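**Q** Have a look at this prediction, sequence included:
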Amino acid sequence: IASLCCIAIIIDRNKHSLLPYGQAEIVSKQVWLSTFDQVDFSNESLLKTGKLTKIFERVSEGKVPLLKGPETPIVHPINGDLYVVTEEANLLLLTDFEKQPLQQAKEGEGG
């Protein structure tokens with residue numbers, strides 16, 4: 001028990017060097033949610049380079065979509081699988097990609 005007290009004292013005296021940005025704080029979802037704007041789904045400015053693609057989820061009738069907007073993409077470094085972390089912190093593997101006819105036509109025109 002004495003060693004735990006000693007460790008606690010050392011950490012308390014050195015917390016500025018251990019935690020230079022301060023201790024973690026609990027922030028309610030309302031506080032950080034309000035800092036984001038609504039998603040503009042009509043914005044296609046990143047697609048002009050031809051190297052990026054918008055991904056839309058196919059949702060069966062009566063099912064709830066899992067993707068709700070811009071999600072955090074993660075590409076597996078070895079096999080290239082595409083994962084996303086959703087707003088609810090679910091990790092999803094995205095598979096079975098299909099190009100939309102409109103996207104295929106635009107790529108055909110550009111060469």
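**A** Nice, I can see it. Residues are numbered from 1 along each chain as shown.
**Q** With adjacent residues omitted, what lies nearest to the residue nearest the centre of the chain?
**A** Among the residues of the chain, the one closest to the centroid is Thr72, at 1.6 Å (Cα atoms, centre = their mean). With sequence-adjacent residues excluded and distances taken as Cβ to Cβ, 6 or more residues apart in numbering, Thr72 is closest to Val85, at 4.3 Å. From N, CA and C alone the C-beta is placed, and that goes for glycine too.
**Q** Any idea how many residues pack against the one you found?
**A** Around Val85 there are 13 other residues, counting by other Cβ atoms under 10 Å.
**Q** Please enumerate the strands of this protein.
**A** 72-75, 82-85, 91-94 (DSSP state E).
**Q** highest average neighbour count across those?
**A** Ranked by mean neighbour count, these are led by strand 82-85 with a mean of 15 (mean count of other Cβ atoms under 10 Å).
**Q** residues in contact with that one?
**A** Applying Cβ atoms under 8 Å, 6 or more residues apart in numbering, the external contacts of strand 82-85 come out as Leu67, Glu71, Thr72, Pro73, Ile74, Val75, His76, Leu91, Leu92, Leu93, Leu94.
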